[in-house]
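Novice: Fold the stuff below for me.
(chains A and B)
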There are 2 protein chains.
Amino acid sequence: MVEVKFDFQTFFDEKNWRGLKLALNEYDSIQIAEILEDLEENQEIVVFRLLSREQAKEVFQLLSQEKQEDIIDGIAHNVQNLSNLLNDIEPDDRTAFFEELPGKVSQRLIQLLSPKEKQITLQLLGYPEDSIGRLMTPEYVAIKAHYTVDRAFQHIRKYGRDSETLNVIYIIDDERKLIDDIKIKELILADPQEKVANLIDSKFVALNVMDDQETAIKAFTDYDRVALPVVNDEGMLLGIVTFDDVMDVAEEESTEDFHKFGSIQSAITNPLKETIFNLYKNRIIWLVALVFMNVFSGAAISRYESVIQTMVSLVFFLPLLIASAGNAGSQSATLMIRALAVGDVQVKDWYKLIWKELLVSLLLGLTMAATVALVASFRAPEIILVLVITMVLIVITGSLVGLVLPFIFTKFKLDPATASAPLITSIADICGILIYFSVAKWILGF
Amino acid sequence: MVEVKFDFQTFFDEKNWRGLKLALNEYDSIQIAEILEDLEENQEIVVFRLLSREQAKEVFQLLSQEKQEDIIDGIAHNVQNLSNLLNDIEPDDRTAFFEELPGKVSQRLIQLLSPKEKQITLQLLGYPEDSIGRLMTPEYVAIKAHYTVDRAFQHIRKYGRDSETLNVIYIIDDERKLIDDIKIKELILADPQEKVANLIDSKFVALNVMDDQETAIKAFTDYDRVALPVVNDEGMLLGIVTFDDVMDVAEEESTEDFHKFGSIQSAITNPLKETIFNLYKNRIIWLVALVFMNVFSGAAISRYESVIQTMVSLVFFLPLLIASAGNAGSQSATLMIRALAVGDVQVKDWYKLIWKELLVSLLLGLTMAATVALVASFRAPEIILVLVITMVLIVITGSLVGLVLPFIFTKFKLDPATASAPLITSIADICGILIYFSVAKWILGF
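Specialist: Down below sits the predicted model:
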């Protein structure tokens, strides 16, 4: 990878804009975007203004939402420049930018678009949030099946300039219904006089414009395509989704799952840039909710006050036991949440998994019981039997809670990752306390 | 998405192979692969044998490792068939398949390859595990800069049939050094008489063949390319990596992080298919290690035996307090691990984040102290002050442990996700217990 090392400061100190412009020519759009991300607000506008119109468009699309807003602010006084930029960027990137802006600001910016681009944008913004419609671009090339390959290339040369990609070409009928998609490779390798109709097999995968963006991730992973067509319920071709947009969505989804599992409410993009209040807000609700859950643990313990007073050594092992239940539960929840997310496991598989988990957790419980017996033989030999029986039971209980909860959340249309490590731990704590003191009472015969 | 619904059983019952072959024609390779994944071993071989050579190759590449091994076993007696299949599949998919096999088996299968394919395979398998070399395919099209666009297309038509993709064409000099890559779109839209040299800007991104596969993920996310060239230290073009292989690696990396955070040792691909012993093995080591860690919690408590005996109500709040420390710690660890994984945060940022975390966790601690005061006012008003002070201190401590640990692991070249939720919880438990009873001893004046 090319490292971006660029000493801007001298150019700024000497106000040598010519030199800066020449120096910028050495970098590609991605590198310039990286440079801009690290610059301060007044410097980034200077650099951005030195870019050519084509470069400005490419660089803008690569910036983070925050930087994009800075740039728009910075060039807002030059309406022509702003209007050019907004008209130049690809419709799918424009939709992604607009949907994060406050309604008023995006309305104002939309007025700066050309009539054609305005129509496209308003249409894309009309699809539901998180739908495929919001991801797609209407800029693709479609041909008819009766064309020859030669005519297809003439058509592509005429209409392909605006298309986001020419890697896949779409074949439609007279009502714009999608008949097939075909890789550019097949067209290039075909005889120019061949009819396109002879190249198609009518086996294609299309996304529905109203479907959730998650279906796009699944389709791209399964089908190894660089772009997939988007259709409405009638099968009419509306646009295409390219793999790069889907990779971004996939990364966001993974982050969201990861954060949920750590009991953070909504995905925080970058903790370095997030405000303290937002970090607080996204963490406090679960923390307080878990405090109330843990009140039950306290209540459970208080029922056994006399047991504790008679044998304080029971308390020494309390953290170890309830932690073990929670740890085993976190493990099985982790396995299920990820397997459900990548589609390895479906809700209907739950009963197969329960049996397996019962056996696995029995083995885990026995091993850990042996470990705790070893520890207790030095420190509290009088309660070894209590500890051994409790350990087996709570590892099994914790594991089953961790296994079942993600399925229950999925059943109720919630994200399985809502079964967070802290939630599983809290539930395992309560179960663990009840099991521990019940076993103690029974064995020690209080 | 097209649902795969296919009633095989009647064909098998009637041994109607002709009908089965016709029925299979209705499906594309991905759907047939899905059907195969759900079939039993004797049936899957029957279905696989009915496929055409081209179909067999495509379907094989889409199957899971387990199914692939089943298929190879099932057709092993027909050496010609087996040899055709192994020669047909793409070099990168073949490498991925071979590297998972026991050494002896892959050696035997490599002998069935044609001399050319054998050489390619041995070379790819020669690169270090997890290196870009293992991901790449040597099947691409490269042209010279002095070609006209027209001649480039002649070259592409002649040599492009075997290339995995024609979406990007590579430009090399006489020593096979990479000069640039160019999208097929640009070639198609260019004047046929134009020189290729006029189309290139020599700004390209290449991966080094020895680099870790993680750099490929980063490069694909940053650069929105469908394929990236792979070069050696001298800049010679050795092969290309396509986005679909990188998406698979990215998914595996995410799974690995997620599993590590849930304290599962190595990534388990699919819990439905994993053996009970493997599930046990990948969970037990961390669980036992955490038992030993939790022994310290017990030791910490035993130091305060007299405090507990004097005021048992302290024990009622023990699970709540240590859980709160663990939960706050899990949250900050989650944020850091994910931000380090996607590159939003670098190790050098740690001190900026500590200050932020101190403020955030102070706010969190104060809110939770208020909550616990509310709960305690009903149940144990005599220790409210102890609880409030403890809560603030342990939420801050837990959060800082969760924040710092992923950085420490990264510093020691370990995966930050090794700072798993259960590990953070265990450390927070010990800190929590020490803080709680020290505060109690101090305030209540034992």
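Novice: Can you show me the strands along the stretch 51-200 of chain A?
Specialist: A:142-144, A:168-172, A:178-183 (DSSP state E, counting those that start in this stretch).
Novice: which stretches of chain A have low pLDDT?
Specialist: Where chain A drops to pLDDT under 70, the residues are A:1-7, A:267-269, A:446.
Novice: what's the residue of the stretch 151-300 of chain A found nearest chain B sitting at in phi/psi?
Specialist: For the stretch 151-300 of chain A, the nearest residue to chain B under the criterion C-beta to the nearest C-beta is residue A:262, separated by 2.6 Å. For every residue, glycine as well, the C-beta is placed using N, CA and C. As for residue A:262, its main-chain torsions (degrees, to the nearest 10) stand at phi -90, psi 10.
Novice: Flag every buried residue along the biggest helix by length in chain A.
Specialist: Longest helix in chain A by number of residues (criterion: DSSP state H): helix A:350-379. For helix A:350-379, burial by neighbour count (16 or more other C-beta atoms under 10 Å in any protein chain shown) applies to A:350, A:353, A:356-357, A:360-365, A:367-369, A:371-372, A:375-376.
Novice: Kindly report the same for stretch A:109-116.
Specialist: Of the residues in stretch A:109-116, those buried under the neighbour-count criterion (16+ other C-beta under 10 Å) are A:109-110, A:112-113.
Novice: now stretch A:44-55
Specialist: Buried, per 16+ other C-beta under 10 Å, within stretch A:44-55: A:44-48, A:50-51, A:55.
Novice: Same question for stretch A:286-300.
Specialist: Of all the residues in stretch A:286-300, those buried under the rule 16+ other C-beta under 10 Å are A:286-291, A:293-298, A:300.
Novice: overlap between the residues you listed and the residues near chain B?
Specialist: Filtering the buried residues of stretch A:286-300 for neighbours of chain B using C-beta under 8 Å from any C-beta of the partner chain leaves A:286-288, A:290-291, A:294-295, A:297-298.
Novice: As CSV, those with secondary structure would be great.
Specialist: Rendered in CSV, the data for these read as follows (DSSP: H, G, I helix; E, B strand; the rest coil):
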residue, secondary structure
A:286, helix
A:287, helix
A:288, helix
A:290, helix
A:291, helix
A:294, helix
A:295, helix
A:297, helix
A:298, helix
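Novice: which among those gets closest to residue B:179?
Specialist: Each of these was checked against residue B:179 using C-beta to C-beta; the closest is residue A:286, at 53.9 Å.
Novice: Which stretch among the strands of the stretch 51-200 of chain A is buried most, on average?
Specialist: When those are scored by mean count of other C-beta atoms under 10 Å in any protein chain shown, the highest mean neighbour count falls to strand A:168-172 (a mean of 22).
Novice: Just the buried residues of stretch A:109-116: which are in helices?
Specialist: When DSSP H is applied, the buried residues of stretch A:109-116 are split such that A:109-110 fall in helices.
Novice: thinking again about what came up before, output the strands of the stretch 51-200 of chain A as TSV; include the columns distance to residue A:338.
Specialist: Formatted as TSV, the entries for the strands of the stretch 51-200 of chain A read as follows, by distance: least, C-beta to C-beta, whole Å:
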stretch	distance to residue A:338
strand A:142-144	39
strand A:168-172	31
strand A:178-183	31
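Novice: what's the distance between the nearest residue to residue A:29 once chain neighbours are set aside and residue A:80?
Specialist: On the basis of C-beta to C-beta, 6 or more residues apart in numbering or on different chains, the spatially nearest residue to residue A:29 that is not a chain neighbour turns out to be residue A:58, at 3.9 Å. Taken as C-beta to C-beta, to the nearest Å, the spacing of residue A:58 relative to residue A:80 amounts to 19 Å.
Novice: Among these two, which residue is more densely surrounded?
Specialist: Under the neighbour definition other C-beta atoms under 10 Å in any protein chain shown, residue A:58 and residue A:80 were set side by side, and residue A:58 has more, 19 against 9.
Novice: ok, what's across the strand from residue A:195?
Specialist: Assessed by DSSP bridges, residue A:195 has beta-bridge partners residue A:148.
Novice: which of the ones next to chain B among the buried residues of stretch A:286-300 sit farthest apart?
Specialist: Every pair in these was compared (C-beta to C-beta); the two farthest apart turn out to be A:286 and A:298, at 18.8 Å.
Novice: just checking, which of the buried residues of stretch A:44-55 belong to helices?
Specialist: Among the buried residues of stretch A:44-55, the members that lie in helices (by DSSP H) are A:44-48, A:55.
Novice: how big is the angle separating the helix or strand encompassing residue A:385 from helix A:350-379?
Specialist: In the assignment (DSSP states H and E), residue A:385 maps to helix A:384-411. In terms of direction (axes from the mean of the first three to the mean of the last three C-alpha atoms, to 10 degrees), helix A:384-411 departs from helix A:350-379 by 150 degrees.
Novice: following helix A:384-411, which helix or strand shows up next?
Specialist: Moving toward the C-terminus from helix A:384-411, the first helix or strand encountered (DSSP H and E) is helix A:421-444.
Novice: show me the contacts for the closest residue to chain B within the stretch 1-150 of chain A.
Specialist: Nearest to chain B in the stretch 1-150 of chain A, going by C-beta to the nearest C-beta, is residue A:28, at a distance of 4.1 Å. Residue A:28 makes contacts with B:201, B:203, B:205, as judged by C-beta atoms under 8 Å, 6 or more residues apart in numbering or on different chains.
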